[in-house]
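Pasting a predicted model and its sequence here:
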Amino acid sequence: MATKLKVKGRIQVLYYREREAFIAYSPALDLSSCGSTFEEMEKNFDEAMNIFFSECAEKGTLEDVLTACGWESRNEDRCRVCRPPRIIGQKEIAVST
């Protein structure tokens, strides 16, 4: 019998504006989406994230994909649990050429 896999935690989602488009990006999933409004972008990101998880689960690759994205996978309470990488800081760095 296959071990049940649970996904627990909170992921960081970064929001950008590029000209007329709004972009959402999650480093924990290496997943992004966009929309012409902030609300559309959020809706599209939620849909993309749901598709990401359901497709990986259906193919049996969810644990492998998440660990490749830096998630921690371990045994807890008779099942495998994947937790996202912890954000330990963020910094804006000036660039110029």
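Nice, I can see it. Keep in mind the model is a prediction, meaning the values are calculated, not measured.

Kindly indicate whether the most centrally placed residue in the chain is helix, strand or coil.
The geometric centre of the chain, computed from its C-alpha atoms, lies nearest to residue 29 (Cα atoms, centre = their mean), at 3.0 Å. Assigned by DSSP: H, G, I helix; E, B strand; the rest coil, the conformation of residue 29 is coil.

List the buried residues for stretch 87-96?
By 16 or more other Cβ atoms under 10 Å, stretch 87-96 has no buried positions at all. In this view, the C-beta of every residue, glycine as well, is placed from N, C-alpha and C.

List of residues touching the longest helix seen in the chain?
In the chain, ranked by residue count with DSSP state H as the criterion, the top helix is helix 38-59. Helix 38-59 is contacted from outside by 5, 7, 13, 15, 21-24, 26, 29, 31-35, 62, 65-66, using Cβ atoms under 8 Å, 6 or more residues apart in numbering.

export it as PDB, just CAs?
Output of helix 38-59 as PDB, limited to C-alpha atoms (Å, rounded to 0.1, in the frame of the first residue of the first chain):
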ATOM      1  CA  PHE A  38      -5.000  42.000  -9.600                       C
ATOM      2  CA  GLU A  39      -8.100  39.900  -8.900                       C
ATOM      3  CA  GLU A  40      -7.800  38.000 -12.200                       C
ATOM      4  CA  MET A  41      -4.100  37.300 -11.400                       C
ATOM      5  CA  GLU A  42      -5.000  35.900  -8.000                       C
ATOM      6  CA  LYS A  43      -7.700  33.700  -9.500                       C
ATOM      7  CA  ASN A  44      -5.400  32.500 -12.300                       C
ATOM      8  CA  PHE A  45      -2.600  31.800  -9.800                       C
ATOM      9  CA  ASP A  46      -5.000  29.800  -7.500                       C
ATOM     10  CA  GLU A  47      -6.100  27.800 -10.600                       C
ATOM     11  CA  ALA A  48      -2.600  27.200 -11.700                       C
ATOM     12  CA  MET A  49      -1.600  26.000  -8.200                       C
ATOM     13  CA  ASN A  50      -4.500  23.600  -8.000                       C
ATOM     14  CA  ILE A  51      -3.700  22.200 -11.400                       C
ATOM     15  CA  PHE A  52       0.000  21.900 -10.400                       C
ATOM     16  CA  PHE A  53      -0.900  19.900  -7.200                       C
ATOM     17  CA  SER A  54      -3.500  17.700  -8.900                       C
ATOM     18  CA  GLU A  55      -1.400  16.900 -12.000                       C
ATOM     19  CA  CYS A  56       1.600  16.000  -9.900                       C
ATOM     20  CA  ALA A  57      -0.500  13.900  -7.500                       C
ATOM     21  CA  GLU A  58      -2.200  12.100 -10.400                       C
ATOM     22  CA  LYS A  59       1.200  11.300 -12.000                       C
END
